[in-house]
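[1] for reference, the sequence and a predicted model appear below.
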Amino acid sequence: QVQLVESGGGLVQAGDSLRLSCAASGRTFANYYMAWFRQAPGKEREFVAGISWGGGSTYYTDPVKGRFTISRDNAKNTVYLQMDSLKPDDTAIYYCACAARRYTMATMNDGWYDSWGQGTQVTVSS
């Protein structure tokens, strides 16, 4: 497994922006698909965005398309989630995740991931 540490969450107003970071260690980061998930109070954890090992392919869930951008810096072993035009519905704990197998395009199903961060809280007020 890989160790993942998220940062960058906070309390913002609707329309504001935040950038989340996830620092990885313990595995060759550049070989693995990475993703962001979130879990709102009383709801199941859901996929937000994913990025291939080289960064050339990205995927987003419909509610965040056009507002969120996932990226990665393999030299820094870090994956990012730039969140713009935030809405109260984006309020959740955000987790980064690493795919269990290298060079594998993971899916929205969290069963494809074997490493998770501790999460960072994002709260968007109206």
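    Received it, and whenever you're ready, just let me know what you need.
[2] what's the neighbour count on residue 3?
    With neighbours defined by other Cβ atoms under 10 Å, the count for residue 3 comes to 12. Every C-beta, even on glycine, is put in place using the N, C-alpha and C of the backbone.
[3] same question but for residue 76, I mixed them up
    Residue 76 is surrounded by 12 other residues when neighbours are defined as other Cβ under 10 Å.
[4] residue 8 and residue 119 touch, don't they?
    No: in this structure, residue 8 sits apart from residue 119 without contact. The criterion is Cβ atoms under 8 Å, and the distance is 11.6 Å.
[5] now residue 98. Nearest residue, chain neighbours left out?
    Closest residue to residue 98 apart from its sequence neighbours, by Cβ to Cβ, 6 or more residues apart in numbering: residue 115 at 4.2 Å.
[6] which element, helix or strand, includes that neighbour?
    strand 113-116 (DSSP states H and E).
[7] list the contacts of that strand.
    In this structure, residues lying in contact with strand 113-116 by Cβ atoms under 8 Å, 6 or more residues apart in numbering are 1-4, 27, 35, 95-100, 106.
[8] let's see 7 Å
    Outside strand 113-116, the residues within contact range by Cβ atoms under 7 Å, 6 or more residues apart in numbering are 1-2, 4, 35, 95, 97-100, 106.
[9] convert the C-alpha atoms of stretch 89-100 to CSV, please.
    This file holds the C-alpha atoms of stretch 89-100, laid out as CSV (Å, rounded to 0.1, in the frame of the first residue of the first chain):
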residue,chain,number,x,y,z
ASP,A,89,-23.6,20.5,-2.3
ASP,A,90,-19.8,20.1,-2.5
THR,A,91,-19.6,20.0,1.3
ALA,A,92,-18.0,16.7,2.2
ILE,A,93,-14.9,15.0,3.4
TYR,A,94,-12.6,14.5,0.4
TYR,A,95,-10.3,11.5,0.2
CYS,A,96,-7.6,10.7,-2.3
ALA,A,97,-7.1,7.1,-3.3
CYS,A,98,-4.5,5.0,-5.2
ALA,A,99,-5.4,2.2,-7.5
ALA,A,100,-4.4,-1.3,-6.3
